[in-house]
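Novice: Based on what follows, work out the 3D shape:
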Amino acid sequence: MSNSPQRNLTPANWLKALLVSPGVLFTAGYLLVHGATNHYLDHKLKARIAEAVSLGSQSHYLISLSSLRAGFGLESLTLKELTLSTTNGKKDSISIEELRIPCKELCFMTFDHRVAAEITATVSRQIIAIDNPALQ
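Specialist: Modelled structure (predicted):
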């Protein structure tokens, strides 16, 4: 027999060990980054994209978006309920239920304003190209 004190495996000790395990810490960190990215997309970048589409088309197009979400691997953007309409009213509006745009640097967007500006420009060009591929 050894002289080391014996520790009981109580539910409280087991729960503490589980909460500080690497798998739980990594998952919690990833979900925090993913949630922060989606919050930023829906509250900040959505308005910037609408402004960039208007400026990029010389105020010819207006868009409305229901939501803007990051893909699970943070490698794509999903635009939900996109409506692209002309400001002069000559054409019917174009409605797209879901549009996925690949963005490889999406995970760095919340930390680097240059990356956010590049993503905004890329997305706005692709939205404008839906109706007029010559403007891409």
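Novice: which non-adjacent residue is nearest the most centrally placed residue in the chain?
Specialist: Nearest to the geometric centre of the chain sits A70, at 3.0 Å (C-alpha atoms, centre = their mean). In space, A70 comes closest to T37 once its chain neighbours are excluded; the distance is 4.9 Å by C-beta to C-beta, 6 or more residues apart in numbering. Yep, even glycine has a C-beta here, placed from its N, CA and C like the rest.
Novice: what is the rounded mean pLDDT of whichever strand or helix holds that neighbour?
Specialist: If you go by DSSP states H and E, T37 is part of helix 22-40. The average pLDDT for helix 22-40 rounds to 92.
Novice: any idea of the mean pLDDT for the following helix or strand past it?
Specialist: Note on helix 22-40: by DSSP H and E, the next helix or strand toward the C-terminus is helix 46-56. Averaged over helix 46-56, pLDDT sits at 90.
Novice: For helix 46-56, buried residues please.
Specialist: Across helix 46-56, burial judged by 16 or more other C-beta atoms under 10 Å covers 46, 48-50, 52-54, 56.
Novice: and what of stretch 112-120?
Specialist: 115-116, 119-120.
Novice: contact partners of it?
Specialist: 45, 48-49, 52, 77, 103, 105-106, 108-110 (C-beta atoms under 8 Å, 6 or more residues apart in numbering).
Novice: where's it relative to the chain centroid, distance-wise?
Specialist: Computed by C-alpha atoms, centre = their mean, to the nearest Å, the separation of stretch 112-120 from the middle of its chain amounts to 12 Å.
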